[in-house]
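Enquirer: Got a predicted model here, sequence first, then my questions.
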Amino acid sequence: MSRHLESKMQIDCVTWFRYQYRAYQKLLFSVPNGGRRFAREAQILKAEGVVAGVSDLILLVPASGYNGLCLEMKIKPNKQSEYQKEWQLLVQNQNYKYEVIYSLEQFRETINKYLDDKETFNTKEK
């Protein structure tokens, strides 16, 4: 049940982002890592480069002194897995900002602050 709630929240967040930040709409993308798979399909995905713990959304826009922004979507009381925590540390060590998002409002605040901090990268349509 919570997976569907996280999915709906992510859809709402991406929809808002694509409307607000049209110049960057294709630079925010999802990483469909989760879900149940048959063993053979899981083997193929792993061989193709799927990595456990990768965040749900990645924004490839350098801003606020970071190389990009990684967003893990969660519905309370859900918490990050150990794989997600490990991946968070890896990307933070490469100068990516990482946030765990629990609501559309938090997503909006995070995105606006991230992109507004670096005026030269901000092409937000007003």
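Expert: Done, it's in.
Enquirer: After the lengthiest helix in the chain, which helix or strand is next?
Expert: In the chain, with assignment by DSSP state H, the single longest helix is helix 2-20. Toward the C-terminus, helix 2-20 is succeeded by strand 28-30 as the next helix or strand (DSSP states H and E).
Enquirer: In terms of secondary structure, what does that following strand contact?
Expert: Contact here means 3 or more Cβ pairs under 8 Å, 6 or more residues apart in numbering; DSSP states H and E; on that basis strand 28-30 packs against helix 2-20, strand 57-59. All C-beta spots, glycine's among them, are computed from the backbone N, C-alpha and C.
Enquirer: and the helix or strand bottoming out on mean pLDDT in the chain, C-alpha only, in CSV?
Expert: Ranked by mean pLDDT, DSSP states H and E, the weakest helix or strand in the chain is helix 39-48, scoring a mean of 78. What follows is helix 39-48 as a C-alpha-only set of coordinates in CSV (Å, rounded to 0.1, in the frame of the first residue of the first chain):
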residue,chain,number,x,y,z
ALA,A,39,15.1,-14.1,-10.9
ARG,A,40,16.3,-14.1,-14.6
GLU,A,41,15.0,-10.5,-15.1
ALA,A,42,16.8,-9.4,-11.9
GLN,A,43,20.0,-11.0,-13.2
ILE,A,44,19.7,-9.2,-16.5
LEU,A,45,19.0,-5.9,-14.9
LYS,A,46,22.0,-6.3,-12.6
ALA,A,47,24.2,-7.1,-15.5
GLU,A,48,22.9,-4.0,-17.3
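Enquirer: May I see the buried residues of that helix?
Expert: When burial is assessed from 16 or more other Cβ atoms under 10 Å, helix 39-48 yields no buried residues.
Enquirer: what residue is smack in the middle of the chain?
Expert: Nearest to the geometric centre of the chain sits residue 57, at 2.2 Å (Cα atoms, centre = their mean).
Enquirer: Spatially nearest residue to it, not counting backbone neighbours?
Expert: residue 71 (4.2 Å; Cβ to Cβ, 6 or more residues apart in numbering).
Enquirer: Identify the residues contacting the one you found.
Expert: If you count contacts by Cβ atoms under 8 Å, 6 or more residues apart in numbering, residue 71 has them with 13, 55, 56, 57, 58, 59, 98, 99, 100, 101, 107, 110.
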